[in-house]
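Engineer: Model the following, please.
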Amino acid sequence: MFAVMSPISAYQRTGVETGVESANPHKLILMLFEGAQQALANAKLHIRHNEIAQKGLMISKAIMIIDHGLKASLDMNAGGDIAPKLFSLYEYMTHRLLTANLKNDIEIINEVNGLLSQLHEAWESIDDNNITKLMPQTTAN
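Structural biologist: A predicted model of the protein is given here:
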């Protein structure tokens with residue numbers, strides 16, 4: 001079967017894909033923070049409406065963003081003292097979200113969302129030109 005996407009969903013997906021394609025590394029990290037925070041906001045709504053499967057999907061999405069996006073973007077060689085600390089913080093967040101998922105615990109979700117918000121604000125305050133010097137460089141083959 002083919003999934004039918006609503007026009008609004010298609011528009012939103014196209015907007016996100018276009019944003020990702022045109023974003024610099026600094027903006028991509030900001031988008032990861034925003035995506036994780038949005039997933040957690042949705043998870044809380046699903047908990048309140050007793051929609052357990054959807055809650056699990058949203059928490060899993062946030063975990064994937066943290067684990068495979070934010071944590072994977074760390075450069076342990078060039079990141080100085082902060083990279084291992086952020087790695088540990090991201091590990092903590094994913095473990096807390098696993099607990100929140102098992103217990104349907106909105107307070108844990110709020111805790112992780114608060115940490116993400118603080119990191120997002122700090123990342124926003126960094127100048128784009130300076131951050132591209134800190135990010136790992138990829139080379140095209």
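Engineer: what's the distance between the lengthiest helix in the chain and the middle of its chain?
Structural biologist: In the chain, taking DSSP state H as the definition, the longest helix is helix 25-48. Chain-centre distance of helix 25-48: 5 Å, with Cα atoms, centre = their mean, to the nearest Å.
Engineer: same for it, what does it pack against?
Structural biologist: helix 7-22, helix 52-65, helix 106-124, helix 128-134 (3 or more Cβ pairs under 8 Å, 6 or more residues apart in numbering; DSSP states H and E). Heads up, the C-betas are built off the backbone N, CA and C, glycines and all.
Engineer: buried set for it?
Structural biologist: By 16 or more other Cβ atoms under 10 Å, the buried positions in helix 25-48 come out as 25-26, 29-33, 35-37, 39-40, 42-44, 46-47.
Engineer: Contacts only, for the residue positioned nearest the centre of the chain.
Structural biologist: For the chain, the residue nearest the mean C-alpha position is residue 36 (3.3 Å; Cα atoms, centre = their mean). If you count contacts by Cβ atoms under 8 Å, 6 or more residues apart in numbering, residue 36 has them with 61, 62, 65, 66, 69, 70, 116.
Engineer: Could I have the buried ones of these as ChimeraX selection syntax?
Structural biologist: Those of those that count as buried under 16+ other Cβ under 10 Å are selected in ChimeraX with:
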select :61,62,65,66,69,70,116
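Engineer: ok, of the contacts of residue 36, which one's closest to residue 124?
Structural biologist: Using Cβ to Cβ, residue 116 is the member of these that lies nearest residue 124, at 12.2 Å.
Engineer: mind checking how far the closest one is from residue 86?
Structural biologist: Shown here: residue 116 relative to residue 86, a distance of 12 Å by Cβ to Cβ, to the nearest Å.
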